[in-house]
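Undergrad: Build me a model from this:
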Amino acid sequence: MDSPKLRADDTPVPVLATGTGKTTTGRPWVSLRDNRRWRPSDMPAALFRYSPDRKGERPREHLKTFAGFLQADAYAGFDRLYDPNQTAGVISPVACWAHVAAMERGHATCGFLASILAQSLLDQPNVQYIDSNKYAANEK
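TA: A predicted model of the protein is given here:
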């Protein structure tokens with residue numbers, strides 16, 4: 001997807017396991033482009049890819065040719081994308097205030113750990129932040 005910035009995420013979905021009649025967990029991954037606010041001629045687009053697991057290699061494979069700003073959650077599978085020495089180009093992380101705020105409120109595994117994680121995000125000078133609540137309000 002040709003864009004200077006993308007949003008990326010995955011979500012668990014039940015998938016029928018072949019021949020068993022039971023379900024297993026699969027993962028649709030989405031890469032979203034919506035630059036209408038800054039480039040009105042740039043049409044929004046969403047690219048969905050499926051994987052049977054949540055391995056870190058999945059987002060790396062899906063975004064291997066991307067360079068620019070990537071808004072994603074704190075899933076560790078995205079971490080290697082931010083390596084400035086990767087061959088495809090530099091990807092700058094863009095954190096979402098909703099995730100940071102949730103960590104600060106203790107909605108992660110442990111309130112103390114969440115505060116440490118949130119503060120470490122806030123202390124990183126190369127991380128961009130988007131207030132997704134404000135962004136969503138402006139998009140309506």
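Undergrad: list the contacts for the closest residue to Asn35 other than its chain neighbours?
TA: The shortest distance from Asn35 to any non-neighbouring residue, by C-beta to C-beta, 6 or more residues apart in numbering, is to Asp42 (4.3 Å). Backbone N, C-alpha and C define where each C-beta goes, glycine included. Contact analysis of Asp42 by C-beta atoms under 8 Å, 6 or more residues apart in numbering lists Ser3, Arg33, Asn35, Arg36.
Undergrad: Buried residues, stretch 52-67. List them.
TA: By 16 or more other C-beta atoms under 10 Å, the buried positions in stretch 52-67 come out as Arg58, Pro59, Arg60, His62, Leu63, Phe66.
Undergrad: Quickly check these for the two that are furthest apart.
TA: Arg58 and Phe66 (13.8 Å; C-beta to C-beta).
Undergrad: hmm, back to that, let's have the buried residues of stretch 52-67 in TSV, adding distance to Pro28 and secondary structure.
TA: Formatted as TSV, the buried residues of stretch 52-67 follow (distance: C-beta to C-beta, whole Å; DSSP: H, G, I helix; E, B strand; the rest coil):
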residue	distance to Pro28	secondary structure
Arg58	11	helix
Pro59	12	helix
Arg60	17	helix
His62	11	helix
Leu63	15	coil
Phe66	18	coil
